[in-house]
Structures are given as structure tokens and as C-alpha cells.
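> Predicted model, plus sequence, below.
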Amino acid sequence: MNRALSRSLALAFVLGALSLAGCTAATGEDHPTGGVWGYVASADDAQIEVSGTATADELTVDRVLSPGDAWLVVHLNDDGKPGMRVGLQSIGAGESLGVTIALEGVATGSLIVAVHADKGEAGEFDFSMDDPTGSPDRPYFVDRAELAVVVAFE
């Protein structure tokens, strides 16, 4: 009986390894997820609203809804893509109103504010632009788009 169990476990291990052999870390549009490399959330569970503009020192997010503990991450807008990070604020799960984010290094242009999950070490922003898919604090995606808004700068 032990011999048969050992053979069954070995076979299951080999089949599992073979099934994983074709997996890749692709994140482009040809990937089965259509380029979604963050955490998928429904529009009922994840939202962000900003009605005003940012100053050189701060930005206020009117309302944010997150399915779990999260981060509001502010980047300079680099031709529609996140540039240098200029602000960061942790938020709890659920609805948060009137969240002010301190900004550094903002002079001109617009900003991108994104909502990232806090899935790594609690209270520490664990995200690297050099390894976004390997970072635990990846952004939320709603309807196949990153949960983010562009905000004007005063």
C-alpha cells in the first residue's frame, strides 16, 4: 500500500510540474488576463473620486473605496504613464473620505493617483516599478483598467 501511495504521489508531482512548465509572467495584451497584472476588484468594491486640483504640497482625495487595506499612490504623469512617485498614503479597508496626501517634488503638469492593495508587510509600501508583477502591493484593476485618476496641478 505504501509503495502504491508513493507512486501516486510521485505521478501527481510530475503531472503538476509539467502543467506549470508552460506558465509565464507575461503581462501584455496577449496574456490571458489582457494585461491585468494587479488585483481584480469589482466597481462596487473599488472606487476613487477626486474633484479638486493638487497644490505643490498636497492633494485631497474626496472618496476612495477599497476592498482591503490599501495605499493611495501619487505619481507625476509621464505622458499618460506613472512617472516618479511624489506621494503615498495608507488607507484602511472600506470607504475613506477626505484623504489628504502630502506631496514632494511637484512643480508642473498633472498627477496620477492610483489605489494599490496592501498585501505585503502591513503598513509598508511593497511595490517596485522595476518588478511590478513580483511586488505584493500591486494596484487594483476594475473592468480591466488600473484604478487610477489623473489630477490637474494648480
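Right, received. Where do you want to start?

> For the spatially most central residue of the chain, which residues are in contact?
Nearest to the mean C-alpha position of the chain, counting by Cα atoms, centre = their mean, stands Pro139 at 0.9 Å. Applying Cβ atoms under 8 Å, 6 or more residues apart in numbering, one finds that Pro139 lies in contact with 38-39, 73, 114-117, 146-148. Every C-beta, even on glycine, is put in place using the N, C-alpha and C of the backbone.

> what's the distance between the closest residue to it other than its chain neighbours and Ser96?
Here the nearest residue to Pro139 in space, its sequence neighbours aside, is Gly38; by Cβ to Cβ, 6 or more residues apart in numbering that works out to 4.2 Å. Separation of Gly38 from Ser96 (Cβ to Cβ, to the nearest Å): 19 Å.

> ok, now Ser90?
The value you get for Ser90 to Ser96, if Cβ to Cβ is used, is 10 Å.

> again, but for Tyr39
As judged by Cβ to Cβ, Tyr39 and Ser96 stand 17 Å apart.

> swap in Ala46?
For Ala46 relative to Ser96 (Cβ to Cβ), the value is 12 Å.

> Neighbour count for those two, which is higher?
Neighbours around Ala46 and Ser96, counted as other Cβ atoms under 10 Å, are more numerous at Ala46. The numbers are 22 against 19.

> measure Met129 to Ser110 for me?
Separation of Met129 from Ser110 (Cβ to Cβ): 19 Å.

> Over to Leu147?
Distance from Leu147 to Ser110, by Cβ to Cβ: 17 Å.

> okay, the two: which has more neighbours?
Just comparing Leu147 and Ser110: by other Cβ under 10 Å the higher neighbour count belongs to Leu147, 25 against 14.

> Ala41 is in contact with the more buried one, correct?
Yes - the pair formed by Leu147 and Ala41 meets the contact definition of Cβ atoms under 8 Å, at 7.1 Å.

> so what sits against both of the two?
Counting by Cβ under 8 Å, 6+ apart, the contacts common to Leu147 and Ala41 are 140-141.

> Please export the C-alpha coordinates of stretch 47-63 as CSV.
Taking Å, rounded to 0.1, in the frame of the first residue of the first chain, the C-alpha atoms of stretch 47-63 are listed here in CSV:
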residue,chain,number,x,y,z
GLN,A,47,-13.6,53.4,-6.5
ILE,A,48,-11.7,56.7,-6.3
GLU,A,49,-13.0,60.2,-6.7
VAL,A,50,-11.0,63.4,-6.8
SER,A,51,-12.9,66.7,-7.6
GLY,A,52,-10.2,69.3,-7.0
THR,A,53,-6.7,70.0,-8.1
ALA,A,54,-3.4,69.4,-6.4
THR,A,55,-1.1,72.0,-4.9
ALA,A,56,2.7,71.7,-4.7
ASP,A,57,2.3,70.4,-1.2
GLU,A,58,-0.8,68.2,-1.1
LEU,A,59,-3.7,66.5,-2.8
THR,A,60,-7.0,65.6,-1.3
VAL,A,61,-8.9,62.5,-2.5
ASP,A,62,-12.6,63.1,-1.9
ARG,A,63,-13.6,59.5,-1.6
